[in-house]
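Visitor: Predicted coordinates and the sequence they were generated for:
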Amino acid sequence: MGLRIHFVVDPQEGHLSAVAILCYYVLALFCIVSLLRASVADPGRLPENPKIPITERDFWELCNKCNMMRPKRSHHCSRCGHCVRRMDHHCPWINNCVGEDNHWLFLQLCFYTQLLSSYTLLLDFCHCYYLEPLKKINWELFVFRHELALIRISTFMGLIMLVGISGLFYTQLIGVFNDTTSIEKLANCCEEISRPRKPWQQTFSEVFGTRWKILWFIPFRQRRPLRVSYHFANHV
């Protein structure tokens, strides 16, 4: 614990370390990029006249809302007015559907928001107990500058975001592990029982579009659909 605190702050100098500040801005950058990209990315909308490959015709069905052919596991979003491939849900926070093509960005958004909230709480703790402006000898100056109020607001918002995002991120991970969308869970879909069970490496690789696990954490890249068989190698 002492090494961790020394990594974040330098009690003798009374300020945050340069590494701690750099880590905070990197997390904030990754969080903002994943948020913006998840908001503007195409979640997997189907065109008006989709071309159905002959080998996949048995895996398409007719939507009873827009009367268009769509792949199975697609869903019609009543808010957006179109069908989305492997739609998970419509998220009001990004004002966009979460589907096959931007689900990986939504997972990154939840992940980096969690990290950023936890790191903010750590910095608030260090600011209260280790930094020079909060020592009793400077108490009057501290109150005058309203730093205590700002730290309390930051701590409150950090706790709210951490608790809320942690629950959402957990449900998303369980869904990816089980290869089940949130809509399928709510509909109590029986089709998932008949689907072959995939290893977790395959389900995550399909969502993120790559088998390279290090790329699962990079929001700057372009996703390419990953088509693999059900008999997925365990070394992915």
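Guide: Nice, thanks for sending it over. Numbering: from 1, shown residues only.

Visitor: Could I get the average pLDDT for whichever helix in the chain runs longest?
Guide: Scanning the chain for the helix with the most residues, using DSSP state H, yields helix 147-177. Averaging the model's pLDDT scores along helix 147-177 yields 90.

Visitor: mind listing the strands for the protein?
Guide: In the chain, the strands defined using DSSP state E lie at 9-10, 15-16, 60-62, 69-71, 75-77, 82-84, 89-91, 96-98.

Visitor: Grab the nearest non-local neighbour of K65.
Guide: In this structure, K65 finds its nearest non-sequential neighbour in H76, 4.4 Å apart by CB to CB, 6 or more residues apart in numbering. For the C-beta atoms, the positions are set from N, CA and C on the backbone; glycine is no exception.

Visitor: How confident was the prediction at that neighbour?
Guide: H76 carries a pLDDT value of 93.

Visitor: Tell me, how many residues neighbour it?
Guide: For H76, the neighbour count with other CB atoms under 10 Å is 17.

Visitor: Please apply the same query to the one 3 residues further on.
Guide: Counted by other CB under 10 Å, the residues lying close to R79 total 10.

Visitor: My guess is it contacts H90. True?
Guide: Yes - using CB atoms under 8 Å, R79 is in contact with H90, at 5.3 Å.

Visitor: which residues are in contact with both of those two?
Guide: C97 (CB atoms under 8 Å, 6 or more residues apart in numbering).

Visitor: Going by neighbour count, list what's buried in the longest helix of the chain.
Guide: 147, 151, 155, 158, 161-162, 165, 168-169, 172, 175-176 (16 or more other CB atoms under 10 Å).

Visitor: Same list, those residues, but as JSON lines with distance to W104 please.
Guide: Below are the buried residues of helix 147-177 laid out as JSON lines (distance: CB to CB, whole Å):
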{"residue": "E147", "distance to W104": "39"}
{"residue": "I151", "distance to W104": "34"}
{"residue": "T155", "distance to W104": "31"}
{"residue": "G158", "distance to W104": "25"}
{"residue": "M161", "distance to W104": "21"}
{"residue": "L162", "distance to W104": "22"}
{"residue": "I165", "distance to W104": "16"}
{"residue": "L168", "distance to W104": "15"}
{"residue": "F169", "distance to W104": "13"}
{"residue": "Q172", "distance to W104": "11"}
{"residue": "G175", "distance to W104": "13"}
{"residue": "V176", "distance to W104": "10"}
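
Visitor: quick check, nearest of those residues to V98?
Guide: Of all the buried residues of helix 147-177, V98 sits closest to Q172, with 8.9 Å by CB to CB.

Visitor: Could you check how far that closest one is from L29?
Guide: Here the criterion is CB to CB, to the nearest Å. By it, Q172 lies 22 Å from L29.

Visitor: Any regions of the protein where pLDDT drops low?
Guide: Applying pLDDT under 70 to the chain flags residues 1-16, 130-146, 188-196, 227-236.

Visitor: K65 is in contact with C77, isn't it?
Guide: No - assessed by CB under 8 Å, K65 is found out of contact with C77, at 9.6 Å.
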